[in-house]
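Asks: need coordinates for the below:
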Amino acid sequence: MPASGISRKKKEDMMIFVSSCVESAARAKNVSSSEMYQRMKRVGLIEDFIIKCYEGLHTQSRQHVIEDVLGALAIWETKKGIKA
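Replies: All right, here's what the predicted structure looks like:
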């Protein structure tokens, strides 16, 4: 979760962004949102990439963000020996 010094509004905005990333990535891979969420959660992508890089990511186009998220997911799963 984001640091406690972040405003409630910003936390809400971040969670909406995370949800959008999960849903868009799921659509791009033609899988359910819950499956995509579990894959991301298993490798720590939500906390350690999407939230950690929120400031830079949320300023990019949706297509660019999804490419970055899916690219990172593939790399992180490979590093952990997880087959998608």
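Asks: now the longest helix seen in the chain, how far from the centre of its chain.
Replies: Criterion DSSP state H: the longest helix present in the chain is helix 8-29. From the chain centre to the centre of helix 8-29 is a distance of 7 Å (CA atoms, centre = their mean, to the nearest Å).
Asks: one more: stretch 17-36?
Replies: Put simply, stretch 17-36 sits 9 Å off its chain's centre (CA atoms, centre = their mean).
Asks: picking that back up, what does the longest helix of the chain rub up against?
Replies: Here helix 8-29 makes contact (CB atoms under 8 Å, 6 or more residues apart in numbering) with 1-2, 6, 32-33, 35-37, 40, 46, 50-51, 54, 57-58, 62, 65-66, 69-70, 73. C-beta: built from backbone N, CA, C; applies to glycine.
Asks: and stretch 69-83, by the same measure?
Replies: For stretch 69-83, contacts defined as CB under 8 Å, 6+ apart pick out 21, 25, 28-29, 39-40, 42-45, 49-50, 84.
Asks: got the CA positions of it in PDB?
Replies: Extracted C-alpha coordinates of stretch 69-83, given in PDB (Å, rounded to 0.1, in the frame of the first residue of the first chain):
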ATOM      1  CA  VAL A  69       2.800  -3.700 -17.500                       C
ATOM      2  CA  LEU A  70       2.500  -6.900 -19.600                       C
ATOM      3  CA  GLY A  71       6.200  -6.700 -20.500                       C
ATOM      4  CA  ALA A  72       7.100  -6.400 -16.800                       C
ATOM      5  CA  LEU A  73       4.700  -9.200 -15.900                       C
ATOM      6  CA  ALA A  74       6.400 -11.500 -18.400                       C
ATOM      7  CA  ILE A  75       9.900 -10.700 -17.200                       C
ATOM      8  CA  TRP A  76       8.900 -11.000 -13.500                       C
ATOM      9  CA  GLU A  77       7.100 -14.300 -14.000                       C
ATOM     10  CA  THR A  78      10.100 -15.700 -16.000                       C
ATOM     11  CA  LYS A  79      12.500 -14.600 -13.200                       C
ATOM     12  CA  LYS A  80      10.300 -16.500 -10.700                       C
ATOM     13  CA  GLY A  81      10.100 -19.500 -12.900                       C
ATOM     14  CA  ILE A  82       6.300 -19.100 -13.400                       C
ATOM     15  CA  LYS A  83       4.800 -20.100 -16.700                       C
END
